[in-house]
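Trainee: Everything below, folded, please.
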Amino acid sequence: MLRFLLAAALIAPLLVIPGARAQELTGTLKKIKETKTVTLGYRESSIPFSYVNKPGEPIGYSIDLCNAAVDEVSKEFEGTEIGVKYKKVTAETRIPAVRSGEIDLECGSTTANSERKKEVAFSPIFFVAGTKLLVPRSSDITSYRDLRNKTVVVTAGTTNEAAVRAISEKQKLGVKLIIGKDHAESFAVLREGKADAFATDDVLLYGLAATTKSGDQYHVVGEYLSYDPYGLMYRKDDPDFGAVVDRTFSRLAQSRELVQLYNKWFQQRLPTGEALDLPMSPQLEEIFRVQGVPD
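Mentor: Below is the predicted model of the structure:
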């Protein structure tokens, strides 16, 4: 009996007992394991990354990437079905929503810069954008140099706001800023003639113009005012969940699904009917290659 008990004691740590894994988990994975639910943050008008279709359902490139991460979490839990809840966030509320636990993963068009990394963590890069200007085709604005004493609308809580302020101060342009609560509102300010230009990431400007009936009356102009690599955002100091997110991107890269998802949202007609026709940039091609996309 003594030998049996000693043998059992040695073997016990090697056995996988249902529920034991959950007790070892911390952070986001522990929360998801206990609730069997993950909450994804989405944007309403970050086309084609994260926006809503006519029935009001979140869709987009970033949404697909986030759902791939949910699938990876399910594999982590040996096939446990994970429910998905969606929570709308804006440029201003997205970081607080991640930090507070209101959302577990932010699926939008968020720049992964060093300042934000002090507050949150990011997935591998999945897009590279930069601040440009959207102006009416009748406008004489072709560059930031033409913005002297002009009014520019930007979206609250974006890196674009900081970029415009910086170039205005450096060049002494005297730019007047209007702050929109989201990209749709900012674009509306431009369309209503209350601003001379709308400054945000170039790809978002192309997306907004493509999905608006009057979009052909506007065009994107100017040099890049900032460099903006996008990442999915999650809570800082959460290495277990971060490992799952990184593994998701590695899997998508090695299978070339990462490229297929890009083509789905940028090279093909969108589910809402528009076509952006934006080829992958050489910079993003190299980033994907480093992540594991085969040549």
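
Trainee: can we go C-alpha only for contacts and neighbour counts from here?
Mentor: Fine.

Trainee: Next up, the contacts around Ala97.
Mentor: Residues in contact with Ala97 (C-alpha atoms under 8 Å, 6 or more residues apart in numbering) are Val89, Ile103.

Trainee: one more time with 6 Å
Mentor: Neighbouring residues of Ala97 by C-alpha atoms under 6 Å, 6 or more residues apart in numbering: Ile103.

Trainee: Verify the assumption that it is located in a strand.
Mentor: No: under DSSP: H, G, I helix; E, B strand; the rest coil, Ala97 falls outside any strand and is assigned helix.

Trainee: Other residues contacting stretch 75-84?
Mentor: Contacts to stretch 75-84, defined as C-alpha under 6 Å, 6+ apart, come from residues Lys36, Thr37, Val38, Thr39, Ser74.

Trainee: Let's see that with 8 Å instead.
Mentor: Here stretch 75-84 has contacts from Ile32, Lys33, Lys36, Thr37, Val38, Thr39, Leu40, Val70, Asp71, Val73, Ser74, Val244, using C-alpha under 8 Å, 6+ apart.

Trainee: Show me what the helix or strand containing the second one is packed against.
Mentor: In this case it means Lys33. According to DSSP states H and E, Lys33 maps onto helix 27-35. Here helix 27-35 touches helix 20-24, helix 239-254, going by 3 or more C-alpha pairs under 8 Å, 6 or more residues apart in numbering; DSSP states H and E.

Trainee: Would you mind identifying the next helix or strand past that helix?
Mentor: Criterion used, DSSP H and E; the element after helix 27-35 is strand 37-42.

Trainee: pLDDT of that following strand, averaged?
Mentor: Averaging pLDDT along strand 37-42 yields 98.

Trainee: Who does it pair with, and is each partner parallel or antiparallel?
Mentor: Next to strand 37-42 in the sheet, as set by DSSP bridges, lie strand 83-88 (parallel), strand 105-107 (parallel).

Trainee: And what about the closest residue to Gln283 other than its chain neighbours, helix, strand or coil?
Mentor: Leaving out its chain neighbours, the residue that sits closest to Gln283 by C-alpha to C-alpha, 6 or more residues apart in numbering is Val128, at 7.6 Å. Counting by three-state DSSP, the backbone at Val128 sits in strand.

Trainee: ok, back up a step: okay if I get the contacts of stretch 75-84 as a markdown table plus neighbour count and distance to Pro48?
Mentor: Below are the contacts of stretch 75-84 laid out as a markdown table (neighbours: other C-alpha atoms under 10 Å; distance: C-alpha to C-alpha, whole Å):
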| residue | neighbour count | distance to Pro48 |
| --- | --- | --- |
| Ile32 | 22 | 27 |
| Lys33 | 23 | 31 |
| Lys36 | 16 | 28 |
| Thr37 | 16 | 25 |
| Val38 | 22 | 22 |
| Thr39 | 19 | 20 |
| Leu40 | 25 | 17 |
| Val70 | 25 | 20 |
| Asp71 | 18 | 21 |
| Val73 | 24 | 25 |
| Ser74 | 18 | 26 |
| Val244 | 20 | 24 |
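
Trainee: Adding distance to Glu115, write those out as JSON lines.
Mentor: Below are the contacts of stretch 75-84 laid out as JSON lines (distance: C-alpha to C-alpha, whole Å):
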{"residue": "Ile32", "distance to Glu115": "28"}
{"residue": "Lys33", "distance to Glu115": "31"}
{"residue": "Lys36", "distance to Glu115": "32"}
{"residue": "Thr37", "distance to Glu115": "30"}
{"residue": "Val38", "distance to Glu115": "26"}
{"residue": "Thr39", "distance to Glu115": "24"}
{"residue": "Leu40", "distance to Glu115": "23"}
{"residue": "Val70", "distance to Glu115": "27"}
{"residue": "Asp71", "distance to Glu115": "30"}
{"residue": "Val73", "distance to Glu115": "28"}
{"residue": "Ser74", "distance to Glu115": "32"}
{"residue": "Val244", "distance to Glu115": "24"}
